[in-house]
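# Dropping the sequence and predicted coords here.
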Amino acid sequence: MKRILPLILLVASCADPGPAHVYACNQEPVPLAGLTGPPATRLGPDGQAALKGEEVEGRIEELEKWHVVEESADRVALIRELDEPVPQDHGESTHHYVLIERWLPGDAWGLRTSTRCDLKRSVPGLGPAEVALGSASGTRLNLLVTERDCASGQPAGDRVELVELEETDQEVRLVVAVQPQRGREGSVLTCQGNPPTPFTVELSEPLGGRSVVNVGVYPARRL
């Protein structure tokens, strides 16, 4: 289903996605500061102990490539950008995230999560989506949006939302997300994958030679 939305101009710098943004690695929150935070070589006593935990020791190599997302007495989270993106069902995995925890003070450390993902902007109340460029006609930018959350294999329809749009002389930068599907009472949403939904954005002027960039992922990705 096509929708035409008005232009939203942002004053933020194109190069800076904003310090308040939080991204998610397969639903695990990662603040922007954590992506460029101190390397894991600077972990304190808690972090050093966590690296020796059950199913952890020996699995995290090249500590200088990992960044500390979180370090406390019972929770340590690390993330690194992969040397090369890895293909996945939707898009590519660009990062590896590890969460190490202990449930009670004094318990042994253990691996809770080790996952590869592409980092998507967390938008309150909305779910992530894959965005592909369909075509451009005049001032209309035609996208194909694929919902990532479970939706019983249905297109997103009018649940697609344009969260941000910024136009410059060189680029059109955007963030697109999807309102979650609400199953009927007593029904269960299945997760077999969802088809792409056509979605049209109205630009202030024809696209021309400008690039279309998805800034809803980190790092931002040209479509």
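Good, I have the coordinates.

# Just the C-alphas of the longest helix anywhere in the chain, formatted as CSV.
If each helix of the chain is counted by residues according to DSSP state H, the longest one is helix 45-50. Only the C-alpha atoms of helix 45-50 are listed here, as CSV (Å, rounded to 0.1, in the frame of the first residue of the first chain):
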residue,chain,number,x,y,z
PRO,A,45,38.3,-6.6,37.3
ASP,A,46,34.7,-7.6,36.7
GLY,A,47,35.2,-7.7,32.9
GLN,A,48,38.4,-9.6,33.2
ALA,A,49,36.7,-12.2,35.4
ALA,A,50,33.7,-12.4,33.0
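
# Please name every helix or strand in contact with it.
Contacts of helix 45-50 with other secondary structure elements, assessed using 3 or more Cβ pairs under 8 Å, 6 or more residues apart in numbering; DSSP states H and E, are made with strand 67-71, strand 75-87. Glycine gets a C-beta too; all of them are placed from N, C-alpha and C.

# Give me the contacts around it.
Taking contacts as Cβ atoms under 8 Å, 6 or more residues apart in numbering, the residues outside helix 45-50 that touch it are 40, 43, 56, 68, 71, 72, 73, 76, 100, 109.

# one step back: I'd like the helices and strands packed on helix 45-50 as a markdown table, with mean neighbour count appended.
Compiled in a markdown table, the helices and strands packed on helix 45-50 are given as follows (neighbours: other Cβ atoms under 10 Å):
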| stretch | mean neighbour count |
| --- | --- |
| strand 67-71 | 20 |
| strand 75-87 | 17 |
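
# Contact partners for residue 146?
Going by Cβ under 8 Å, 6+ apart, residue 146 touches 90, 129, 130, 131, 132, 156, 194, 195, 196, 197.

# Mind giving me the ChimeraX command for buried ones among the contacts of helix 45-50?
Written as a ChimeraX command, the selection of buried residues from the contacts of helix 45-50, which uses 16 or more other Cβ atoms under 10 Å, is:
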select :40,43,56,68,71,76,100,109
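
# Return the member of the contacts of helix 45-50 nearest to residue 206.
Sorting those by how near they are to residue 206, with Cβ to Cβ, puts residue 68 at the top with 45.1 Å.

# Point me to the helix or strand that includes the residue sitting furthest away from the middle of the chain.
Distance to the chain centre peaks in the chain at residue 106, reaching 34.0 Å (criterion: Cα atoms, centre = their mean). Element membership of residue 106 [criterion: DSSP states H and E] is none; it lies in no helix or strand.

# Check residue 123 too.
With DSSP H and E as criterion, residue 123 is part of no helix or strand.
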